[in-house]
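Student: Prediction below, plus the sequence it came from.
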Amino acid sequence: MSHTAYPIGTTAYLLVDPYNDFLSEGGSVYPLIEPIATQVGLLDNLRALDRAVRERGIQVVIVPHRRWEPGDYETWAHPSPNQRKIMQGHHFARGEWGGEWHPDFAPRDGDIIAAEHWGSSGFANTDLDFRLKQKGITHVIVVGLLANTCIESTARYASELGYHVTLVRDATAAFRHEMMHAAHELNGPTFAHSIVDTRELLLALQQH
């Protein structure tokens, strides 16, 4: 059970990479995460959390991956393995359905949309930290995809920058159970201040 208080006005809900390619039937990456996403109830949990944080007036921040465009990474000196996969698979392609927001999680008025991140961290080489600091944010709840890459990297970076960090075990997914285990049982406890499931977080949000 989470004993963390989530103060309205200084808490942000960071939704990472809510693209059709990740979250929608027919998305290029969705088949790879579907078994775990179904098992943990990912989409319903994200819907429940989206409703809860908006009802409480918590700042919603969309933390989007770079939408692939022709030429991306091709002349880079050191594209990462994941960037090479994107270069080959054209994931989250700009101007295509896969690179559009899942309809349930599209930004609304008042949401912050951070600059697109090229790597795994939503903070590295973007304006995310600047935008959060301009709002006086001290606490971040990090959800979305994927547990062991963009979620872990964004949350770890947030901790390094001094934010209070919450991970939500069943508001994310990964390609394999081992990756989920590593993200929440091995690596997460070294930097996250709170690791909860959706039910625990919803209760915590109701109490404060």
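Tutor: That came in fine, so what should we check first? The shown structure was predicted, so the numbers you read here are calculated from the model rather than taken from an experiment.

Student: From here on, just use CA atoms for contacts and neighbour counts.
Tutor: OK.

Student: what are the phi and psi angles of the residue of the chain most remote from its centre?
Tutor: Largest separation from the mean C-alpha position in the chain: Thr75, at 27.7 Å (CA atoms, centre = their mean). Listed backbone geometry of Thr75 is phi -110, psi 10, with angles given as degrees, to the nearest 10.

Student: Now do stretch 87-103: distance to the chain's middle.
Tutor: On the basis of CA atoms, centre = their mean, to the nearest Å, stretch 87-103 is displaced by 16 Å from the centre of the chain it belongs to.

Student: For it, give the mean pLDDT please.
Tutor: Averaging the model's pLDDT scores along stretch 87-103 yields 97.

Student: Also stretch 159-173?
Tutor: 98.

Student: got the buried residues for it?
Tutor: Of the residues in stretch 159-173, those with enough neighbours to count as buried (16 or more other CA atoms under 10 Å) are 159, 163-173.

Student: which of the residues you listed sit farthest apart?
Tutor: The most widely separated members of those are Tyr163 and Ala173, with 22.9 Å between them, by CA to CA.

Student: got the contact list for the lengthiest strand in the chain?
Tutor: With DSSP state E applied, the strand covering the greatest number of residues in the chain is identified as strand 164-173. The contact list for strand 164-173 (CA atoms under 8 Å, 6 or more residues apart in numbering) reads 33, 36-37, 40-43, 45-46, 138-147, 155, 158-159, 180, 184, 188, 191-198, 201.
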